[in-house]
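K.L.:
My questions concern the predicted model and sequence given below.
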Amino acid sequence: MPLPDDARPRFAVIIPAHNEGRSIAGVLRRIGEVVPDAAVVVINDGSRDDTAERAAELGATVISLPFNMGYGAALHTGLMWALRKQMRAAVTMDADGQHEPSDIPRLLAPVLAGDADITLGSRYLPESRCYRVSGLRRAASWGFAALLSFLTGKKLTDTTTGFQCLGSAVLEQWVTLPDFPEKTPDADLILYSHLRGFRVLEVAVQMHEDEGRDSMHGPLKSLFYAPKMLVAILGILLAQPSFRRAGK
Amino acid sequence: MPPVMEMGSISPQARIFLLACGLFLCFWALRRARERSLLVSMCSLFISIGVGMLLFATFPRFFDRISYLVGIKYPPLLYLIVGLLIFMVLTAHLASRLSLVDQRCRRLAQELALLNSSRRGEE
């Protein structure tokens, strides 16, 4: 989907990466073909392989964290970078090739046109094209989508997606959060943004199966995801009156 | 045959042991404070616990009376409750300090990474 003319502009593609040396080059090449004017930043989260070197060879800005800090911290670092570079929007995506770079313009367009503050790339909308998700993962994803739909009053289908686009106002809000989720910035931040008055829009995307190596979303991490996320959501709901007092 | 002790009383050996523990805790905390290798607030906490142990070893009957006053007829239960409370408060305090330090450490690492990246960009 072509971008509007006044939307040519400065937008960042943020890719947190941990030991993604085998897939990062392919992802970056595809991004270069689809959105050549994007500022691409790879957050190397303490990788032990050649992720950083491969990303730098392909012209991406590489920010190497001094040690492995987790997906949330890596993502937050990328958002900090984008805010400091005064980007109009920032797309976040995985380095394992799960997210399809050709969907970036679809995520960007509503944010740059001012129709949404955040767009979420959903793998579960009727128009989406998605790999076969395992039963347990699908159930957890459905559960959180149902919970978030109930809490926000709008139909959401994929609240665990890492393929998102944030407008500059959301970017600023997320970066200045004093306790940005260290490991799991998903449904909790969507709820937080909704309660802050930002407009959330889902966009159908295609997702490929990740190859499940030593990436940022291992099976053990997934096991603790649900209870942690529930606590995070509860914390945001309890803090809701202070958001109202502070205003948007 | 050992002497029969009253309910709530404490043997001389136990008092000596408690005295030694209290003294050790106080000296250890003071030494750490002198070396500045422990936060002053932590030193104060450990010294308070040590002084509490010293007082208990010196005036056990006084603590027994407090126990009866608050309605606990079996004094060791009070000591157990107080001990557990101290541990819970200490754990909560340490957990909150750890969270704060973790947050600050994360922020520092992020700033360092961003700084390194911009420095490399300028070179």
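P.N.:
Alright, I've got the coordinates.
K.L.:
Quick check: the residue nearest to the spatial centre of chain B vs chain A, distance?
P.N.:
The centre of chain B sits closest to B:Phe46, judged by CA atoms, centre = their mean, with a distance of 4.6 Å. Distance of B:Phe46 to chain A, given as CB to the nearest CB, to the nearest Å: 30 Å. All C-beta atoms are positioned from the backbone trio N, CA, C, and that covers glycine.
K.L.:
Now do the same contact list for that residue.
P.N.:
When contacts are counted by CB atoms under 8 Å, 6 or more residues apart in numbering or on different chains, B:Phe46 is found next to B:Leu25, B:Cys26, B:Trp28, B:Ala29, B:Leu38.
K.L.:
May I see the PyMOL selection of the buried members of the residues you listed?
P.N.:
A single PyMOL command selects the buried members of the contacts of B:Phe46 (16 or more other CB atoms under 10 Å in any protein chain shown):
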select buried, chain B and resi 25+26+29+38
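K.L.:
Let me know the closest of the contacts of B:Phe46 to chain A.
P.N.:
B:Leu38 (25.7 Å; CB to the nearest CB).
K.L.:
Roughly how far does B:Tyr68 sit from B:Tyr74?
P.N.:
Separation of B:Tyr68 from B:Tyr74 (CB to CB, to the nearest Å) stands at 10 Å.
K.L.:
again, but for A:Lys155
P.N.:
60 Å.
K.L.:
Next up, phi/psi of the closest residue to A:Met207 other than its chain neighbours, please.
P.N.:
Leaving aside its chain neighbours, A:Met207 sits nearest to A:Arg123 (4.4 Å; criterion: CB to CB, 6 or more residues apart in numbering or on different chains). Main-chain torsions, A:Arg123, degrees, to the nearest 10: phi -100, psi 0.
K.L.:
which residues touch the residue nearest to A:Phe163 when sequence neighbours are not counted?
P.N.:
Leaving aside its sequence neighbours, A:Phe163 sits nearest to A:Gly121 (CB to CB, 6+ apart; 3.4 Å). Going by CB under 8 Å, 6+ apart, A:Gly121 touches A:His99, A:Asp103, A:Arg106, A:Leu107, A:Asp158, A:Thr161, A:Phe163, A:Gln164, A:Glu202, A:Val203, A:Val205, A:Met207.
K.L.:
let's see it at 10 Å
P.N.:
A:91-93, A:99-100, A:103-104, A:106-107, A:128, A:158, A:161-165, A:202-207 (CB atoms under 10 Å, 6 or more residues apart in numbering or on different chains).
K.L.:
Over to A:Leu234?
P.N.:
With CB under 10 Å, 6+ apart, A:Leu234 has these contacts: A:Asp188.
K.L.:
Would you mind measuring from it to A:Lys228?
P.N.:
11 Å.
K.L.:
okay, and the common contacts of the two?
P.N.:
Counting by CB under 10 Å, 6+ apart, the shared contacts of A:Leu234 and A:Lys228 are A:Asp188.
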